[in-house]
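take this sequence and fold it.
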Amino acid sequence: MTLEATTLSYTLLLKFALGYFAILATPGPNMLTIGTMAALRGFRGALPFCLGVALGAGLVAGATSLLLEAFAGSHKLEMVGRVVAGTLLMVLAFRIICARAPRRSNQSLFSEPQMLNNWAVGLGTGFFIALTNPVTAAYCFAQFIGPLAQSNVAPWAILLVATQALLFGLLTATLFAHPFMRHVAFTYHRPVCALSGMVLMSLGLLMLLPVTLE
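Residues are numbered from 1 along each chain as shown. So this is what the prediction gives:
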């Protein structure tokens, strides 16, 4: 692989990671669940759920990549992919910017000791929640049919999804074990959503730019 190709691969992965981080950083059900488990049972209580989310997100990314692998090849298809990818990212950005703050009363849903103490339940819950997460699926679809379609970095992107999901979950569990951080997360929900949405919107516009120059 030439230096230029290597640089391009790293750039694609960096953009992919940045967009997915913007999604992970948006306060929502996953963050609330992890934070609640960490608040009630400590870091270890949230660990199974974090692992389950990482496995589920990785499986979603892998399945999406395999499904769209056959579509890679032509310049015309790449342009169509960019339109689809850019549009999906813009829709995701709009959804994130308009997202409502999770209700604190939802914490009672995860207060059962048997649920929090059971590794299998925590792992399975996190896995199936991530597996059915439309935001992760839409983002991966947008990336694999768009900028990553003509590259060889898809396997690394799949690994990146699982790794980012796990690390962000563990970071959330660590922070939310402290009451002050839970208060901050709810207080600054709107600016965090706005920032994350703007990052995704920028990525969507960059993806659509080559189409407008055709």
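
residue 183 - how many residues pack around it?
With neighbours defined by other C-beta atoms under 10 Å, the count for residue 183 comes to 10. All C-beta atoms are positioned from the backbone trio N, CA, C, and that covers glycine.

tell me how many other residues surround residue 91.
As a burial measure, the neighbour count of residue 91 was computed by other C-beta under 10 Å and equals 14.

same question for the one 3 residues further on.
Counted with other C-beta under 10 Å, the neighbours of residue 94 add up to 14.

which helix or strand contains it?
Per DSSP states H and E: residue 94 is located in helix 75-97.

just residue 125 next, same as before
Counting by DSSP H and E, residue 125 is found in helix 119-131.

least confident secondary structure element in this structure?
Averaged element by element with mean pLDDT, DSSP states H and E, the chain has its least confident helix or strand at helix 113-117 (a mean of 44).

the strands in this structure, which residues?
Here the chain has no strands by DSSP state E.

could you name the helices and strands sitting against the biggest helix by length in it?
Longest helix in the chain, counting residues (DSSP state H): helix 43-68. Counting contacts by 3 or more C-beta pairs under 8 Å, 6 or more residues apart in numbering; DSSP states H and E, the secondary-structure elements packed against helix 43-68 are helix 29-41, helix 119-131, helix 134-145, helix 154-176.

re earlier: give me the buried stretch members for the helix holding residue 125, please.
Of the residues in helix 119-131, those buried under the neighbour-count criterion (16 or more other C-beta atoms under 10 Å) are 121-123, 125-127, 129-131.

what's the closest of the residues you listed to residue 156?
Distance to residue 156, by C-beta to C-beta, is smallest for residue 130 among the buried residues of helix 119-131, at 19.2 Å.

what's the spacing between the closest one and residue 121?
With distances taken as C-beta to C-beta, to the nearest Å, residue 130 is found 15 Å from residue 121.

what does residue 127 give?
Using C-beta to C-beta, which is the criterion applied here, residue 127 is 11 Å from residue 121.

again with residue 144
Spatial separation of residue 144 from residue 121 under the definition C-beta to C-beta is 32 Å.

now the end-to-end length of stretch 128-137.
13 Å (C-alpha to C-alpha, to the nearest Å).

which residues touch that stretch?
Under the criterion C-beta atoms under 8 Å, 6 or more residues apart in numbering, residues 23, 29-30, 33, 52-57, 59-61, 64, 92, 95, 161, 165 lie in contact with stretch 128-137.

and these, which are buried?
Of all the contacts of stretch 128-137 considered here, the ones buried according to neighbour count by 16+ other C-beta under 10 Å are 23, 30, 33, 52-57, 59-61, 64, 92, 95, 161, 165.

so what pLDDT did the closest residue in space to residue 159 that isn't next to it in sequence get?
Closest residue to residue 159 apart from its sequence neighbours, by C-beta to C-beta, 6 or more residues apart in numbering: residue 58 at 7.3 Å. What the model reports for residue 58 is a pLDDT of 94.

again with the one 3 residues further on
What the model reports for residue 61 is a pLDDT of 92.
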